[in-house]
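>>> Just a sequence and a predicted model for now, questions to come.
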Amino acid sequence: MSLSQAQKKAFRSIGHHLDPVVTASENGISEGLLAELERALNDHELIKIKLALTERDDRAAVLDELANASGAEVVQKIGKVALLYRHNPKANPKLSNVSRFEHHHGRH
């Protein structure tokens, strides 16, 4: 799965207004963290995660591992926050950030 530049731009626009729903900390990647990530991606498709790690290399490694484990694609990474996307064909339109904001694209 690879997103086009237009898709990434649209997702970044939607993601700008989201709050992180999953936090990865110094404790590493646990079963609970993976379960929460799985639930969030199933429900929302597009989510923000917070990487509460001090070292940039550690954040990058954890983000890569989370993306690989969940099958999600990293849309954007800024500092300690990353935006992940994984398509869910059976997503609830009331929960999916993509469905809820698809006509938004940053314009008010």
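Received it, and whenever you're ready, just let me know what you need. Numbering: from 1, shown residues only.
>>> Any idea what the residue nearest the centre of the chain is bridged to?
Nearest to the mean C-alpha position of the chain, counting by Cα atoms, centre = their mean, stands Leu84 at 2.3 Å. With DSSP bridges as the criterion, Leu84 is bridged to Ile47, Val74.
>>> Now Leu51: phi and psi?
As for Leu51, its main-chain torsions (degrees, to the nearest 10) stand at phi -110, psi 90.
>>> pLDDT score for Ile47?
For Ile47, the pLDDT comes out at 97.
>>> The helix-or-strand element of the chain with minimal mean pLDDT packs against which elements?
Ranked by mean pLDDT, DSSP states H and E, the weakest helix or strand in the chain is helix 97-101, scoring a mean of 89. Here helix 97-101 touches helix 5-15, strand 46-51, going by 3 or more Cβ pairs under 8 Å, 6 or more residues apart in numbering; DSSP states H and E. In this view, the C-beta of every residue, glycine as well, is placed from N, C-alpha and C.
>>> Could I get the buried residue list for stretch 49-60?
By 16 or more other Cβ atoms under 10 Å, the buried positions in stretch 49-60 come out as Ile49, Lys50, Leu51, Leu53, Arg59.
>>> just stretch 89-105 next, same as before
Neighbour counts using 16+ other Cβ under 10 Å place Ala91, Ser96, Asn97, Val98, Ser99, Arg100, Phe101 of stretch 89-105 among the buried residues.
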